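>>> Dropping the sequence and predicted coords here.
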Amino acid sequence: MKKLLVTIVALILFGCNESSKNNPKFEKASDLKTNIEVNQKELPYKVDFDSTQVVEFTIEHSELIKSKVLDKKLSEYNTSELKELTEFKRLNLGIVVSFDISKESLINTMKYITNEKTKVNNDIDEIMIFAYDDKKDLSNGSGVYTFGKLFWGPNGKTGNMTPKIAKENIRDSYKLEIDIKDKVGRIKKSDLPTKRELDIYNTIMSEENIGIEEDKLNKMIMRKFGIKTEKELNSIWLKVAAYKN
């Protein structure tokens, strides 16, 4: 069963040499300008959003990563040049929202967070937000997300940072790249896995069980949770895996 999960996992790698984690906290929107469209050329230091679409969320993971800006291959720099390279800052966030959030609300909530974080600290050069409905799914920056993702940076793509942008906080090329899972806004309460089903899935996927032969693992899980057949076990695993994908 674990083999099936490989096909639904995507990794985004971030180079980093310094990070700081904050405790989870609750945030919600205040009264701000409402406009769902973002025009970075007219508003170079502000991300516009519709405040009526911003909903409650919690920030469960926050990591500020500092990296050097490279404008040529790493091997082409000598030691002294590497020390003089310009540093830029990327803020990685993992947020948790309600399972029944709409697509528009998720988009505007992530835009709101981006605007607030850059308003508080205009030295943040890039922001990456991963959205989930269950904090147990947080991957702490690995790039796996269950509900949505937002990236804010030069041209809306990673790898476009320049020394000039980082030094002078130039934001006229900044864009948003947002990806929302198709299931968002379509989930009914009846579609949610039960606590027992989630416990079964999480036990199967736990680190301590990685590497155990599948037949042996199946028998162990069936005994622990009183499951009578492998067909029932597979059905539960597939249900939860499909929900989390």
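Perfect, I can see it now. This is a predicted model, so every value here is computed, not measured.
>>> Run through this protein and note the low-pLDDT ranges.
1-45, 139-143 (pLDDT under 70).
>>> For burial, what's the neighbour tally of Asn209?
Around Asn209 there are 14 other residues, counting by other Cβ atoms under 10 Å. For every residue, glycine as well, the C-beta is placed using N, CA and C.
>>> Phi, psi for it please.
For Asn209, the backbone dihedrals (degrees, to the nearest 10) come out as phi -100, psi 0.
>>> so it sits right up against Thr203, yeah?
Yes. If you go by Cβ atoms under 8 Å, Asn209 and Thr203 touch, sitting 6.9 Å apart.
>>> remind me, longest helix of the protein?
helix 103-120 (DSSP state H).
>>> what helices or strands is it leaning on?
strand 57-68, strand 87-96, strand 126-132, strand 148-154, strand 174-180 (3 or more Cβ pairs under 8 Å, 6 or more residues apart in numbering; DSSP states H and E).
>>> What's opposite the spatially most central residue of the chain in the beta bridge?
Central residue of the chain (Cα atoms, centre = their mean): Phe130, 1.5 Å from the mean position. On the basis of DSSP bridges, Phe130 is bridged to Gly94, Lys149.
>>> Quick check: it touching Tyr145?
Yes. Between Phe130 and Tyr145 there is a contact under Cβ under 8 Å: 4.0 Å.
>>> Tally up the residues packed near Lys219, please.
As a burial measure, Lys219 scores 14 neighbours (other Cβ under 10 Å).
>>> And for Lys119?
With other Cβ under 10 Å as criterion, Lys119 counts 13.
>>> what about the closest residue to it other than its chain neighbours, which helix or strand?
Setting aside the residues directly before and after it, Lys119 is nearest to Lys46 in space (Cβ to Cβ, 6 or more residues apart in numbering), at 7.6 Å. Per DSSP states H and E, Lys46 falls between elements, in no helix or strand.
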